[in-house]
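Q: sharing a model prediction with you, sequence too.
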Amino acid sequence: MAVLETGRLFLCRWNSEDWRDLHGLSSDREVMRYIGDGAPWPEQRTREFVERQRVQFATRGFCRWRLVSKASGEMAGFCGIGWLPGLADFEIGWWLARRFWGQGLATEAARIALNDGFERARLVRLVSIAHPQNAASFRVMEKIGMIRETEFEFHGQPVIQYGIVRPFDSV
């Protein structure tokens, strides 16, 4: 079920079986290169991620939405707001399947997810973190108006954090 929509994507709630499509991404070494320690995820971790999104949507009304391509009907990845243990603020993040890289889809999805977080969910501040070599993610962060804030270690990995505060006219 689509909750949000862009010109090329549906941002959808997760179903229990969606882990199968997501596992195509979470087991891809190239997709996972800058995620955590860079290791592909086993099936169980992918299943747990999907279940966390289902619970978060049920309790908070937002999550890291499943991205579905309008053109092909395929799961293109995910984008949205979640909570990472150890961060003080909610984090907006995204992953895309390799075949969807370089098309501006992460930025397209991040803009609407960010707006939804501020407008509908009434969040005040969001952050995003990425590995120092993940230039593509930094470009997305900057395109959606985030500002570089700090560098630190997150679960033993170096990251750079960007942040954004809800615009005054959204209050």
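A: Perfect, I can see it now. What you see is a predicted model; the values in this text were computed from it and never measured.
Q: on the three-state scheme, residue 102 is what?
A: Classification of residue 102 by DSSP: H, G, I helix; E, B strand; the rest coil places it in coil.
Q: mind pulling up the pLDDT for it?
A: pLDDT, residue 102: 96.
Q: and if you look at residue 168?
A: We have a pLDDT of 69 for residue 168.
Q: could you do residue 143 as well?
A: What the model reports for residue 143 is a pLDDT of 98.
Q: just give the nearest non-adjacent residue to residue 124, would you?
A: Leaving aside its sequence neighbours, residue 124 sits nearest to residue 166 (CB to CB, 6 or more residues apart in numbering; 5.2 Å). C-beta here means a position set from N, CA and C on the backbone, and glycine is covered the same way.
Q: ok, that neighbour - contacts?
A: Applying CB atoms under 8 Å, 6 or more residues apart in numbering, we find residue 166 in contact with 118, 123, 124, 125.
Q: equivalent analysis for residue 12, please.
A: Contact analysis of residue 12 by CB under 8 Å, 6+ apart lists 1, 2, 3, 65, 66, 67, 68.
Q: hmm, try it at 10 Å
A: For residue 12, the contact set (CB atoms under 10 Å, 6 or more residues apart in numbering) comprises 1-5, 18, 63, 65-68, 75, 78.
Q: again with residue 21
A: Counting by CB under 10 Å, 6+ apart, residue 21 touches 14, 15, 46, 50, 66, 68, 74, 75, 76, 77, 97.
Q: now do the phi/psi pair for the fifth one.
A: Backbone geometry at residue 66, expressed as degrees, to the nearest 10, gives phi -80, psi 130.
Q: is it in contact with residue 2, as I believe?
A: Yes. Using CB atoms under 10 Å, residue 66 makes contact with residue 2 at a distance of 9.5 Å.
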